[in-house]
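Colleague: Predicted coordinates and the sequence they were generated for:
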Amino acid sequence: DQQVKQNSPSLSVQEGRISILNCDYTNSMFDYFLWYKKYPAEGPTFLISISSIKDKNEDGRFTVFLNKSAKHLSLHIVPSQPGDSAVYFCAALPSTSGTYKYIFGTGTRLKVLA
Amino acid sequence: ETGVTQTPRHLVMGMTNKKSLKCEQHLGHNAMYWYKQSAKKPLELMFVYNFKEQTENNSVPSRFSPECPNSSHLFLHLHTLQPEDSALYLCASSQDEGSGKLFFGSGTQLSVL
């Protein structure tokens, strides 16, 4: 059973508009969340993270929102650029001490249309 | 050279072959990981090493055998694999276990015939 779910396998957005990528999780023990971006033939690269003590974290064009009660987080990219076209993975980390098991979603392929 | 380097980038092997994947990190990190990415599936954690000691084996079949001779190098030895083992194998490192940021290599795309 998947603990981290990205229910939209793909998303297309016009350049300059907002991209919203969603992620749901089931384990209330997750307390740290990350987004990774992956281009073809490259490994995933870290994009932005958020701790469960926050509900928002912003870094330039990228903002991650966390709704703990809904067990939902989202990544907003605004304005979207063609170079943002990639696969985006959501990942979660449990708070259990001594653990390091990053749990990843299946990814959402974002295509930004020029 | 910086970051996490994986070799080879592509590997085709028969089910009776023995091969090894290599990973090297130049970031001074203490923890190294092997992940498997199959089509339409989440990245699956396979193994974790922290300060050269294996701290996690996520129920991986014994036909996958990891080796971590030092904190900078990680190997994945492969033998008698099955076609369903075909996947992208990603190596990653982090400063400490669970520090929040994983740095990934570009991966080895493995095809088992």
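Modeller: Here it is on my side, so go on. Numbers count the residues shown, from 1 in each chain, chains lettered A, B, ... in the order given.

Colleague: what's the neighbour count on residue 60?
Modeller: No chain specified, so I'll use chain A. Per other CB atoms under 10 Å in any protein chain shown, the neighbour tally for A:Gly60 reads 8. For every residue, glycine as well, the C-beta is placed using N, CA and C.

Colleague: meant chain B actually
Modeller: Here the count is done by other CB under 10 Å, and B:Val60 has 17 residues near it.

Colleague: now do B:Tyr49
Modeller: Considering only other CB under 10 Å, B:Tyr49 is surrounded by 23 other residues.

Colleague: May I ask which helix or strand of chain B has the lowest mean pLDDT?
Modeller: strand B:53-57 (a mean of 81; mean pLDDT, DSSP states H and E).

Colleague: got the buried residues for that one?
Modeller: In terms of neighbour count (16 or more other CB atoms under 10 Å in any protein chain shown), strand B:53-57 has its buried residues at B:Glu56.

Colleague: Equivalent analysis for stretch B:38-45, please.
Modeller: B:Pro42, B:Leu43, B:Glu44, B:Leu45.

Colleague: wait, isn't B:Ser65 in contact with B:Leu76?
Modeller: Yes. Contact criterion CB atoms under 8 Å: B:Ser65 and B:Leu76 qualify, at 7.4 Å.

Colleague: more neighbours, the two?
Modeller: B:Leu76 (23 against 15).

Colleague: Check chain A for the residue nearest chain B and tell me.
Modeller: A:Gly43 (3.3 Å; CB to the nearest CB).

Colleague: Next, work out how far apart the nearest residue to A:Cys90 once chain neighbours are set aside and A:Lys101 are.
Modeller: Distance criterion CB to CB, 6 or more residues apart in numbering or on different chains; nearest residue to A:Cys90, sequence neighbours excluded, is A:Cys23 at 3.4 Å. In this view, A:Cys23 and A:Lys101 are 17 Å apart by CB to CB, to the nearest Å.

Colleague: Any idea how many residues pack against the nearest residue to A:Pro94 once chain neighbours are set aside?
Modeller: Using CB to CB, 6+ apart and skipping the chain neighbours, the partner closest in space to A:Pro94 is A:Met29 (4.6 Å). By other CB under 10 Å, 13 other residues sit near A:Met29.
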